[in-house]
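Novice: Could you work out the structure for the sequence below:
(2 chains)
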Amino acid sequence: MSVVDRQEWDVVVVGAGGAGLRAAIEARERGARTAVICKSLFGKAHTVMAEGGIAAAMANANEHDTWQVHFRDTMRGGKFLNQWRMAELHAREAPDRVWELETWGALFDRTKDGRISQRNFGGHEYPRLAHVGDRTGLELIRTLQQKIVSLQQEDARETGDHESRLKVFQECTVTRILKDTASDSGSAAGQVCGVFGYERETGRFFVLEAPAVVVATGGIGKSFKVTSNSWEYTGDGHALALLAGAPLLNMEFVQFHPTGMVWPPSVKGILVTESVRGDGGVLRNSEDKRFMFDYVPDVFKEKYAESEEEADRWYDDPDHNRRPPELLPRDEVARAINSEVKEGRGSPHGGVFLDVSTRMPAEVVRRRLPSMYHQFKELADVDITAEAMEVGPTCHYVMGGIAVESDTAAARGVPGLFAAGEVAGGMHGSNRLGGNSLSDLLVFGRRAGWHAAEYAQGLADRRPRVDDAQVNTASAEALRPFSAQTEGEAGPPENPYTLHQELQQTMNDLVGIIRREGEMEQALHKLAELRVRARRAGVEGHRQFNPGWHLALDLRNMLLVSECVARAALERTESRGGHTREDHPAMDRGWRNVNLLCALADPGGTLAGTDPARSQIRLTRATTEPVRPDLLALFEKEELVKYLAEEELYE
Amino acid sequence: MSSYEARFKVWRGDVSGGGLADFTVEVNDGEVVLDIVHRLQATQAPDLAVRWNCKAGKCGSCSAEINGRPRLLCMTRMSVFGRDETITITPLRAFPVVRDLVTDVGYNYRKAREVPAFVPPAGLGPGEYRMSQEDVERSQEFRKCIECFLCQDVCHVVRDHEENKRAYAGPRFLMRIAELDMHPLDAAAEKGLDRGRTAQDEHGLGYCNITKCCTEVCPEGIRITDNALIPLKERAVDRKYDPLVWLGSKIRRRSS
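Specialist: Below is the predicted model of the structure:
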């Protein structure tokens, strides 16, 4: 086996989006030598695509806003399945995380009195999203990126080397989290001891030895055909954690953003920001009707306007009118659009109409929604100041993820492993509110970096070691696609691109926005078949920047994660948030306190890849901890009755 | 509106050399050049190297040259070309090739490190910043930059003069200096850092002779030359030659 380059660090952060960069900054500022690994170039992470804003109860736009109101909105949005302590920490700490960005040079849009402007968004009671036009994610990434550069400049002044304490490994992919398996090393077996990965540019393998690893790899959207997610979203962190023995939580909850582009076909799925609706845009069907008024569910009846007049008055006088139903949480709006299209009231290309052109002057549209104006003009030849957009649901976000401890972001069951951002589960319950993602990245990115640094420092010289056998196994696994033809597998080599397309079609059609038992069973069969074929995924060429090889390796992760989604979705016989069962259409209070955990069925095995009948995933149920009484007291009893089971209420 | 077969020439090779490879490939309604590159990967050239990420013009990864012009592959619609036109895709010329359409853009990351960071104002804590929308807008325009590096690629100062890279930060990072210089609360001056002068003395602003090529290729429509580089030049010149400005800056610095 070839010699693999090894380096030692205190904390390794996998992923350089908002959560990863915030974690890295925190770990470095707390004295840990920190390495960040990212699949793309530094500053290109998926976070740049976040448009609307960062939710934080700063009360700049409405003085009544507090963390308690934000907490309440978040729990309602997640239909009370949220890991409530995370929702609490998030609501309490988000304002500080936003203000801190300003001290690092961020330039948010301003209120008249010079503070950070805040805009309305679905599910948020008050205007709460700090924003920069409709490119807030870009501002977030650039600010964190520039903060990292400024820390590197400090380090260069002190040590002569920019990368002595904080280094970004760009265009590298981690394929395995390494754990200490030897019991005689003086440390407990099963601790994290580093990561194994490859450099995309050269194809060379490397090992970063570190006692603490923060996973911040984002989501899984690339397993679905219609998605707003970039190529990076192959569920790497979810799969890495699963393979390292950490369970994934509530993977059935996948958010379909209500408004993605639907035409032309090549851009289908690209996001149309919720700010369009927050700033006054309305949804209409082919009969020119604002159909959302027909889709306000019982749990939200008191909070949303019943007439167009009331809804329109709300923008100027939110204290005496109720909000327009276009601003319901995303799951509700996505389902409504889906129904309208199904009932034959859709737009020519199978979506519905989202209109700002009749709602505000052209120059206001161009100023408040510049990226959307540009995106439709360039990609669809549509001038959104003059005509309506056509939009439909697109796979956008996974609420499910690595099960973590709320305060420390430590992954359950694997010492030394931490997770933050989209890859971590729990925070958003069954459905995430818009704007709560960017704040989640900052709040829990910081916490993960903090606790990872503390954990690494606490181990002192009792650090677990990486043994050669593990490195050799990981190398062999990563090289496998080059010898797919010669290893005696039954059947011809498979094209990884074809396998990927089939996977995306399967998940889209069978485990999509509306789910049915039979279809999910069918999906599981198809996934098992794809898994067997993926063992034969072959590549041409050599290891230097070879996208076919990269995809062949990513397939393992997408298949693992897709199976988790399908199994959990089949198990949960109710509809809640980002999980809608046609055969179980109602929310069931009995499921409110049930978490579904996915673990590897055969942790020591070789993924049982060749046996389609065997599942890779073992599913278990866990009862959630009761919500703390002072937090429950923030809600009216009449509202809690809709969510909580009798016995929970009684306590 | 229908599918058709288009002819492409795509540069393939690596640091040791390469050349244009011919492809004939299907094109469908509404597609962009990146869709075609993906189709080539899926059907004809699985190891064709290309950078891309968001496919929505927001991340600035898929920069390349199409018929010699620096562009984002994801924002270039096939409909801008004639159906019988042969479309040539080559890697960014100002940067060393890694493989196929992927180049080594490390120059840009080195230059980013040379620009001193935002200096937070003393005495203002988090949450205490007050700025007017009008004042932040100037810098906000520059912060729209997606770091696609098309401006760095097209700028003739480095495009044909590798030797200038050492002294010249390029439009993107001169604009970064302008952005910080125009930030309403940046306290660099209080720390004795004159951003305008360092642009001239340390980042090669003088090499720029405002041909506006950078502005023309910017996919974000940022008016790099007019709004960032020219004002920066004017400030640098003021500082250098205007004795009153010079005296003022000395006095203010001493008092801080």
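Novice: Which residue is the nearest non-sequential neighbour of the residue of chain A found nearest chain B?
Specialist: Nearest residue of chain A to chain B (C-beta to the nearest C-beta) works out as residue A:264 at 2.1 Å. All C-beta spots, glycine's among them, are computed from the backbone N, C-alpha and C. Of all residues beyond its chain neighbours, the one nearest residue A:264 is residue B:30 (2.1 Å), with distances taken as C-beta to C-beta, 6 or more residues apart in numbering or on different chains.
Novice: and the one you found, what is it in contact with?
Specialist: A:263, A:264, A:265, A:266, A:267, A:379, A:380, B:77, B:79 (C-beta atoms under 8 Å, 6 or more residues apart in numbering or on different chains).
Novice: tell me which element it is part of?
Specialist: Using DSSP states H and E, residue B:30 is not contained in any helix or strand.
Novice: Just read off the phi/psi values of it.
Specialist: The phi/psi pair for residue B:30 (degrees, to the nearest 10) reads phi 80, psi 0.
Novice: Which pLDDT value goes with the residue in chain B positioned nearest to chain A?
Specialist: Using C-beta to the nearest C-beta, residue B:30 is the residue of chain B that sits closest to chain A, at 2.1 Å. With respect to pLDDT, residue B:30 has a value of 89.
Novice: repeat for residue A:541
Specialist: Residue-level confidence at residue A:541 comes out at 89, pLDDT.
Novice: Okay, now the unreliable bits of chain A?
Specialist: Applying pLDDT under 70 to chain A flags residues A:1-3, A:182-189, A:485-490, A:604-613, A:651.
Novice: Equivalent analysis for the stretch 151-256 of chain B, please.
Specialist: Applying pLDDT under 70 to the stretch 151-256 of chain B picks out residues B:238-256.
Novice: As a check, name the ranges of all helices in it.
Specialist: Here the stretch 151-256 of chain B has its helices, by DSSP state H, counting those that start in this stretch, at B:156-159, B:171-182, B:195-202, B:213-217, B:230-241, B:243-255.
Novice: now do the stretch 1-150 of chain B
Specialist: Under the criterion DSSP H, counting those that start in this stretch, the stretch 1-150 of chain B contains helices at B:33-43, B:106-114, B:133-143, B:150-154.
Novice: Please identify the deepest-packed of the ones you listed.
Specialist: Comparing these by mean neighbour count (mean count of other C-beta atoms under 10 Å in any protein chain shown), helix B:150-154 ranks first with a mean of 26.
Novice: elements contacting that helix?
Specialist: Contact here means 3 or more C-beta pairs under 8 Å, 6 or more residues apart in numbering or on different chains; DSSP states H and E; on that basis helix B:150-154 packs against strand B:63-66, strand B:69-72, helix B:171-182, helix B:213-217.
Novice: filter the contacts of residue B:30 to the buried ones?
Specialist: By neighbour count, with 16 or more other C-beta atoms under 10 Å in any protein chain shown, the contacts of residue B:30 hold A:263, A:264, A:266, A:267, A:379, A:380, B:77 as buried.
Novice: Kindly reformat the residues you listed as a markdown table containing distance to residue A:346.
Specialist: Listed next are those as a markdown table, based on distance: C-beta to C-beta, whole Å:
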| residue | distance to residue A:346 |
| --- | --- |
| A:263 | 12 |
| A:264 | 16 |
| A:266 | 20 |
| A:267 | 18 |
| A:379 | 20 |
| A:380 | 17 |
| B:77 | 25 |
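Novice: Out of these, which is nearest to residue A:135?
Specialist: residue A:379 (16.2 Å; C-beta to C-beta).
Novice: list the contacts for the closest one?
Specialist: A:261, A:264, A:267, A:270, B:30, B:32, B:56, B:57, B:75, B:77 are the contacts of residue A:379 under C-beta under 8 Å, 6+ apart.
Novice: 7 Å instead, please
Specialist: Counting by C-beta atoms under 7 Å, 6 or more residues apart in numbering or on different chains, residue A:379 touches residue A:267.
Novice: For residue B:57, see how far away it is.
Specialist: Going from residue A:379 to residue B:57 by C-beta to C-beta, to the nearest Å gives 8 Å.
Novice: Now the common contact residues for the two.
Specialist: By C-beta under 7 Å, 6+ apart, no residue touches both residue A:379 and residue B:57.
Novice: what does the stretch 201-350 of chain A have sitting close to chain B?
Specialist: Residues of the stretch 201-350 of chain A lying near chain B by C-beta under 7 Å from any C-beta of the partner chain: A:201, A:230, A:231, A:232, A:263, A:264, A:265, A:266, A:270.
Novice: Now with 8 Å, please.
Specialist: Taking C-beta under 8 Å from any C-beta of the partner chain as the contact definition, the stretch 201-350 of chain A meets chain B at A:201, A:230, A:231, A:232, A:263, A:264, A:265, A:266, A:267, A:270, A:271.
Novice: for the stretch 101-250 of chain A, what spans make up the strands?
Specialist: Secondary structure of the stretch 101-250 of chain A (DSSP state E, counting those that start in this stretch): strands located at A:118-119, A:129-130, A:166-169, A:172-179, A:192-199, A:205-209, A:212-215, A:248-249.
Novice: give me the number of residues near residue 56?
Specialist: Using chain A. Using other C-beta atoms under 10 Å in any protein chain shown, residue A:56 has 30 neighbouring residues.
Novice: That was the other one, I meant chain B.
Specialist: By other C-beta under 10 Å, 22 other residues sit near residue B:56.
Novice: Apart from its chain neighbours, what residue comes closest to it?
Specialist: Nearest to residue B:56 is residue A:270, by C-beta to C-beta, 6+ apart, at 4.9 Å.
Novice: for residue A:355, same thing?
Specialist: Nearest one to residue A:355, counting by C-beta to C-beta, 6+ apart, is residue A:388 at 4.0 Å.
Novice: Compute the first-to-last residue distance for stretch B:47-62.
Specialist: The first residue of stretch B:47-62 is 16 Å away from its last residue (C-alpha to C-alpha, to the nearest Å).
Novice: Now it: average pLDDT?
Specialist: For stretch B:47-62, the mean pLDDT works out to 94.
Novice: Ok, which of the strands of the stretch 101-250 of chain A comes nearest residue B:125?
Specialist: Counting by C-beta to C-beta, residue B:125 lies closest to strand A:129-130 out of the strands of the stretch 101-250 of chain A; the figure is 17.1 Å.
Novice: for the spatially closest residue to residue A:399 that is not a sequence neighbour, what are its contacts?
Specialist: Closest residue to residue A:399 apart from its sequence neighbours, by C-beta to C-beta, 6+ apart: residue A:253 at 3.8 Å. Residues in contact with residue A:253 (C-beta under 8 Å, 6+ apart) are A:81, A:398, A:399, A:400, A:428, A:429, A:430, A:431, A:576, A:577, A:578, A:579.
Novice: ok, the fourth one - contacts?
Specialist: In other words, residue A:400. Contacts of residue A:400 were listed using C-beta under 8 Å, 6+ apart, and they are A:248, A:249, A:250, A:251, A:252, A:253, A:254, A:425, A:564, A:565, A:568.
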